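1. Attaching a predicted model along with its sequence, questions to come.
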Amino acid sequence: MEASVLGLFRDEHLPGSTITIVYDAYSSAWKIPLLMLCRAIGDGYFGVVSNYTGPLGSFIKKASTVGFDVRKALENGDMAIIDLFGTRYGVASRMPNVFYLDNVEPETINPKITHLYETELREALSRRPAFRLIHTLDGAALMLGEENTLRLLNRTIATRSTQLPNSVLVLPVNSDVVSKKFVAWAVSVGDYVLVARSELGENGLSEYLHFISAPYEDFEPTTYSFRVTKSKGIEKLKMERISP
């Protein structure tokens, strides 16, 4: 029997957790973090997206494929975007709640983002828990270098664990873009870990979703078939258990 992918996450175990979602070049699993962001905002979280991958317009279009209206969420004050890609390449947007740094350098990026959390985002985060999405972790690695990204994210996880202890952090990573070492590290810091794999064959594209880690005692690693449907909202991404 098919079920929504979002059903994998137990609400009571989400606060304070890190979610790592690994996928390959042809997988549709990049949609999972966007659908999670959409649902989280609907559930009362304040979304904070650090955008390292592509122009902001591209992110907005991708989010629309899962029924998420980013412009509306920004205008309503339900989320903020720290646009590192736009900062690095000088492409700025005039949309509300989109923030830019003066530059993007590994030595100073963390203090500058922390400053935004403590100033521009402070009021919103005092009223609502944060749902933080790195879009994407492989994008950050390409921009800053893998070693720098590992060091910076370790510091970020440590800092936010005290600054925002009930926040959720989602780390999507395309395993075809970065090294095995980088993927291994991303998996190691995840409380929840999902690994998606695609197969191109004579009958088209088949996808599988391996749910390999979760922060509760009765968890059992499980493999599902995975597909994108014509449905909207949480029914957009469907899975069906195939093992064990």
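-> All right, it came through fine.
2. What mean pLDDT does the longest helix seen in the chain get?
-> What stands out as the longest helix in the chain, according to DSSP state H, is helix 146-163. For helix 146-163, the mean pLDDT works out to 93.
3. Secondary structure class of the closest residue to T18 other than its chain neighbours, three-state.
-> Among residues not flanking T18 along the chain, L169 sits closest, at 4.7 Å (CB to CB, 6 or more residues apart in numbering). (Glycine included, C-beta is placed from N, CA and C.) Following DSSP: H, G, I helix; E, B strand; the rest coil, L169 is assigned to strand.
4. tell me the contacts of L169?
-> The contact partners of L169, by CB atoms under 8 Å, 6 or more residues apart in numbering, come to 17-19, 132-134, 157, 160.
5. Now list the buried members of these.
-> Among the contacts of L169, those classed as buried by 16 or more other CB atoms under 10 Å are 17-19, 132-134, 160.
6. And A25, what's its pLDDT?
-> 95.
7. surely it meets A196?
-> No - A25 lies out of contact with A196 (CB atoms under 8 Å); the separation is 11.0 Å.
8. all helices of this structure, in order?
-> 31-42, 56-64, 70-75, 84-89, 109-118, 122-127, 137-144, 146-163, 180-188.
9. out of those, nearest to N103?
-> Ranking these by proximity to N103 (CB to CB) places helix 84-89 first, at 6.9 Å.
10. That closest one - contacts with which helices or strands?
-> Judged by 3 or more CB pairs under 8 Å, 6 or more residues apart in numbering; DSSP states H and E, helix 84-89 is in contact with strand 46-51, helix 137-144.
11. Can you add distance to P215 and mean neighbour count and give these back as CSV?
-> Formatted as CSV, these follow (distance: least, CB to CB, whole Å; neighbours: other CB atoms under 10 Å):
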stretch, distance to P215, mean neighbour count
strand 46-51, 22, 24
helix 137-144, 20, 23
